[in-house]
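Participant: sequence and predicted structure below; questions after.
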Amino acid sequence: MLAYLTTHSGRHRSAAGALAVLLGCAISAMAAEPDPLVSPWLGREMRVGTTNMNDHLPLNGRLTFVYDADDDVVRVCTRSIPALRATWRMDLAVPCNVALNFIRGSRYCSRQEVNTGDAEVLATCHRLRSRDVAMHPAAQKDAVELHDMIVFLIKGAEGDRPSAYVLLDSPAHLTHAGGGDIVPQ
């Protein structure tokens, strides 16, 4: 495959240009697939099973993680149902608006390890992360609380469906303590 490059002096056939196009295609092709470590969580609707932040992650809220190959991110697609205890707000109110980056750890963490909150242990876990997610208006007028959203991927025993644990934190300071547990349907 060859590419033609146009310059101000005329048209030139360029093997270097063709190589650049081929390398670009190869790089795009490599980014078109999600990491196999996150694949079990993709396309499965999950619900918020427990939460201590109902105004951020509403109890019984439904969400699905989907892979966006164009941006090489995992998107959080939310859905409202009649049993929802509160409404999705701000960035999560728009389905598939929040993009998460997959961070490969050395293993999956257990729910107990996430609840313990040991930073050294959690740093070894496979997780999804996004910074500056607007989820809640701030106490100050015309302000918004921006949170770091970290989704720890929890792999249960063989045959169990995957679940996740969401931890919210503010990049500047902790605005709301706690997290929420997402369980399989």
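Facilitator: Looks like it came in fine.
Participant: my read is F65 is in a strand, agree?
Facilitator: Yes. Secondary structure of F65 (DSSP: H, G, I helix; E, B strand; the rest coil): part of a strand.
Participant: give me the beta-bridge partners of it?
Facilitator: L42, V76 (DSSP bridges).
Participant: tell me, how many residues neighbour it?
Facilitator: 27 (other C-beta atoms under 10 Å). (Each C-beta comes from the backbone N, C-alpha and C, glycine too.)
Participant: what sits against it?
Facilitator: Each residue near F65 by C-beta atoms under 8 Å, 6 or more residues apart in numbering is listed here: 38, 41-44, 46, 74-77, 100, 128, 151.
Participant: at 6 Å instead, please
Facilitator: Residues near F65 by C-beta atoms under 6 Å, 6 or more residues apart in numbering: 41-42, 74.
Participant: of those, buried ones?
Facilitator: For the contacts of F65, a burial check counting by 16 or more other C-beta atoms under 10 Å picks out 41, 74.
Participant: ok, the contacts of F65 vs T124, which is closest?
Facilitator: Among those, W41 lies closest to T124 (C-beta to C-beta), at 18.0 Å.
Participant: how about the contacts made by that closest one?
Facilitator: 65, 153, 162.
Participant: ok, 10 Å please
Facilitator: Residues in contact with W41 (C-beta atoms under 10 Å, 6 or more residues apart in numbering) are 34, 64-67, 74, 102, 126, 128, 151, 153-155, 161-164, 182, 184.
Participant: that one and G105: what is the separation?
Facilitator: With the distance defined as C-beta to C-beta, to the nearest Å, W41 ends up 14 Å from G105.
Participant: where does the protein dip in pLDDT?
Facilitator: For the chain, residues meeting the criterion pLDDT under 70 lie at 1-31, 54, 157-159, 170-185.
Participant: show me which residues of the strand or helix carrying L100 are buried.
Facilitator: According to DSSP states H and E, L100 maps onto strand 98-103. For strand 98-103, a neighbour-count test (16+ other C-beta under 10 Å) marks 98-100, 102 as buried.
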